[in-house]
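J.: Could you work out the structure for the sequence below:
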Amino acid sequence: MRMIHLLVIGALIFGAAYVYRIKMDSIARTERVLRLHAEIREQRDAIAVLRSEWAKLEAPLRLQGLVERHLPLKLITATQYDPLKNLPERPPRLVKPGEPDPIGAMIGTIEAAADSDNVTGSVPKPGAKR
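T.: A predicted model of the protein is given here:
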(Lines give C-alpha, C1' and ligand atoms only; values in the text may rest on other atoms or scores of the structure.)
Protein backbone atom coordinates (compact mmCIF):
# COMPACT_ATOMS: atom_id res chain seq x y z
CA MET A 1 0.00 0.00 0.00
CA ARG A 2 2.74 2.44 0.85
CA MET A 3 4.44 1.74 -2.43
CA ILE A 4 1.28 2.60 -4.36
CA HIS A 5 0.93 5.83 -2.36
CA LEU A 6 4.53 6.78 -3.17
CA LEU A 7 3.96 6.04 -6.86
CA VAL A 8 0.76 8.11 -6.95
CA ILE A 9 2.45 11.01 -5.12
CA GLY A 10 5.40 10.80 -7.53
CA ALA A 11 3.02 10.78 -10.54
CA LEU A 12 1.17 13.80 -9.12
CA ILE A 13 4.42 15.71 -8.61
CA PHE A 14 5.58 14.79 -12.14
CA GLY A 15 2.19 15.83 -13.58
CA ALA A 16 2.23 19.12 -11.69
CA ALA A 17 5.76 19.89 -12.91
CA TYR A 18 4.77 19.02 -16.48
CA VAL A 19 1.66 21.24 -16.35
CA TYR A 20 3.76 24.07 -14.83
CA ARG A 21 6.30 23.76 -17.67
CA ILE A 22 3.52 23.86 -20.29
CA LYS A 23 2.04 26.94 -18.58
CA MET A 24 5.39 28.74 -18.58
CA ASP A 25 5.99 27.89 -22.26
CA SER A 26 2.57 29.23 -23.19
CA ILE A 27 3.17 32.43 -21.20
CA ALA A 28 6.55 32.95 -22.92
CA ARG A 29 4.99 32.39 -26.34
CA THR A 30 2.11 34.73 -25.54
CA GLU A 31 4.59 37.43 -24.51
CA ARG A 32 6.53 36.88 -27.73
CA VAL A 33 3.35 37.17 -29.80
CA LEU A 34 2.44 40.41 -27.98
CA ARG A 35 5.94 41.80 -28.63
CA LEU A 36 5.65 40.88 -32.32
CA HIS A 37 2.26 42.58 -32.52
CA ALA A 38 3.76 45.69 -30.94
CA GLU A 39 6.65 45.65 -33.43
CA ILE A 40 4.22 45.20 -36.32
CA ARG A 41 2.19 48.15 -35.05
CA GLU A 42 5.36 50.29 -34.82
CA GLN A 43 6.39 49.33 -38.34
CA ARG A 44 2.92 50.12 -39.70
CA ASP A 45 3.02 53.50 -37.97
CA ALA A 46 6.47 54.16 -39.47
CA ILE A 47 5.18 53.19 -42.93
CA ALA A 48 2.21 55.53 -42.50
CA VAL A 49 4.55 58.39 -41.55
CA LEU A 50 6.78 57.70 -44.56
CA ARG A 51 3.77 57.58 -46.89
CA SER A 52 2.51 60.91 -45.58
CA GLU A 53 5.98 62.44 -46.02
CA TRP A 54 6.13 61.06 -49.57
CA ALA A 55 2.71 62.50 -50.35
CA LYS A 56 3.89 65.86 -49.03
CA LEU A 57 7.08 65.71 -51.10
CA GLU A 58 5.30 64.88 -54.33
CA ALA A 59 2.50 67.41 -53.93
CA PRO A 60 1.99 69.18 -57.30
CA LEU A 61 2.00 72.69 -55.83
CA ARG A 62 5.27 72.04 -54.00
CA LEU A 63 6.87 70.59 -57.14
CA GLN A 64 5.66 73.53 -59.22
CA GLY A 65 7.24 75.93 -56.73
CA LEU A 66 10.55 74.05 -56.86
CA VAL A 67 10.50 74.04 -60.65
CA GLU A 68 9.87 77.76 -60.80
CA ARG A 69 12.57 78.45 -58.23
CA HIS A 70 15.35 76.15 -59.49
CA LEU A 71 14.67 75.68 -63.21
CA PRO A 72 14.48 78.96 -65.06
CA LEU A 73 12.63 77.44 -68.04
CA LYS A 74 10.83 79.46 -70.65
CA LEU A 75 7.97 78.49 -72.91
CA ILE A 76 8.85 76.94 -76.27
CA THR A 77 8.22 79.09 -79.29
CA ALA A 78 7.95 78.06 -82.92
CA THR A 79 11.06 80.05 -83.81
CA GLN A 80 13.25 77.79 -81.66
CA TYR A 81 13.08 74.95 -84.19
CA ASP A 82 15.57 74.92 -87.06
CA PRO A 83 14.39 74.10 -90.58
CA LEU A 84 15.42 70.78 -92.13
CA LYS A 85 17.63 72.47 -94.70
CA ASN A 86 20.05 73.42 -91.89
CA LEU A 87 20.72 69.80 -90.89
CA PRO A 88 24.33 68.68 -91.36
CA GLU A 89 25.22 66.42 -94.25
CA ARG A 90 25.04 62.67 -93.82
CA PRO A 91 28.45 61.20 -92.89
CA PRO A 92 30.26 59.40 -95.72
CA ARG A 93 29.79 55.64 -96.03
CA LEU A 94 32.81 53.56 -95.15
CA VAL A 95 31.78 50.71 -97.43
CA LYS A 96 30.67 51.35 -100.98
CA PRO A 97 27.48 49.65 -102.15
CA GLY A 98 28.15 46.17 -103.52
CA GLU A 99 31.41 45.63 -101.57
CA PRO A 100 31.55 42.92 -98.87
CA ASP A 101 31.04 43.97 -95.28
CA PRO A 102 34.43 44.07 -93.48
CA ILE A 103 32.95 43.21 -90.09
CA GLY A 104 31.07 40.27 -91.58
CA ALA A 105 34.32 39.06 -93.17
CA MET A 106 36.08 39.24 -89.78
CA ILE A 107 33.29 37.23 -88.15
CA GLY A 108 33.53 34.65 -90.93
CA THR A 109 37.28 34.36 -90.33
CA ILE A 110 36.74 33.85 -86.60
CA GLU A 111 34.09 31.18 -87.23
CA ALA A 112 36.36 29.40 -89.72
CA ALA A 113 39.16 29.37 -87.13
CA ALA A 114 36.77 27.98 -84.51
CA ASP A 115 35.78 25.13 -86.84
CA SER A 116 39.37 23.90 -87.09
CA ASP A 117 40.70 20.84 -85.22
CA ASN A 118 42.05 22.87 -82.27
CA VAL A 119 39.49 24.26 -79.86
CA THR A 120 41.76 26.72 -78.05
CA GLY A 121 44.72 26.63 -80.39
CA SER A 122 46.64 24.18 -78.25
CA VAL A 123 44.08 21.62 -77.11
CA PRO A 124 42.72 19.39 -79.87
CA LYS A 125 39.00 18.73 -80.15
CA PRO A 126 37.89 15.46 -78.61
CA GLY A 127 38.20 12.73 -81.22
CA ALA A 128 40.47 14.83 -83.53
CA LYS A 129 43.63 13.28 -84.97
CA ARG A 130 47.01 14.84 -84.20
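
J.: center of this structure - which residue?
T.: Nearest to the mean C-alpha position of the chain, counting by Cα atoms, centre = their mean, stands I47 at 19.9 Å.

J.: any idea how far it is from I40?
T.: Taking Cβ to Cβ, to the nearest Å as the measure, I47 falls 10 Å from I40. All C-beta spots, glycine's among them, are computed from the backbone N, C-alpha and C.

J.: next one: M3
T.: Distance, M3 to I40, using Cβ to Cβ: 55 Å.

J.: Which residue of the two possesses the greater neighbour count?
T.: Legend: neighbour count by other Cβ atoms under 10 Å for M3 and I40, higher for I40 (10 against 7).

J.: I'd like to know which elements the host helix or strand of the more buried one is packed against.
T.: For I40, the element it lies in under DSSP states H and E is helix 2-57. If contacts are counted by 3 or more Cβ pairs under 8 Å, 6 or more residues apart in numbering; DSSP states H and E, helix 2-57 sits against no helix or strand.

J.: What lies in contact with the helix or strand that that helix is followed by?
T.: Sequence order places helix 60-70 as the next helix or strand after helix 2-57, per DSSP H and E. If you take Cβ atoms under 8 Å, 6 or more residues apart in numbering as the criterion, helix 60-70 is touched by 56, 73.

J.: Let me know the next secondary structure element after helix 60-70.
T.: Downstream of helix 60-70, the first helix or strand assigned by DSSP H and E is helix 102-114.

J.: what's the burial count for M1?
T.: If you count neighbours by other Cβ under 10 Å, M1 ends up with 5.

J.: err, R41, not the other one
T.: Going by other Cβ under 10 Å, the residues that sit close to R41 add up to 10.

J.: That one and I110: what is the separation?
T.: Using Cβ to Cβ, R41 is found at 64 Å from I110.

J.: follow-up on the earlier one: average pLDDT for the helix holding I40?
T.: Mean pLDDT, computed over helix 2-57, is 96.
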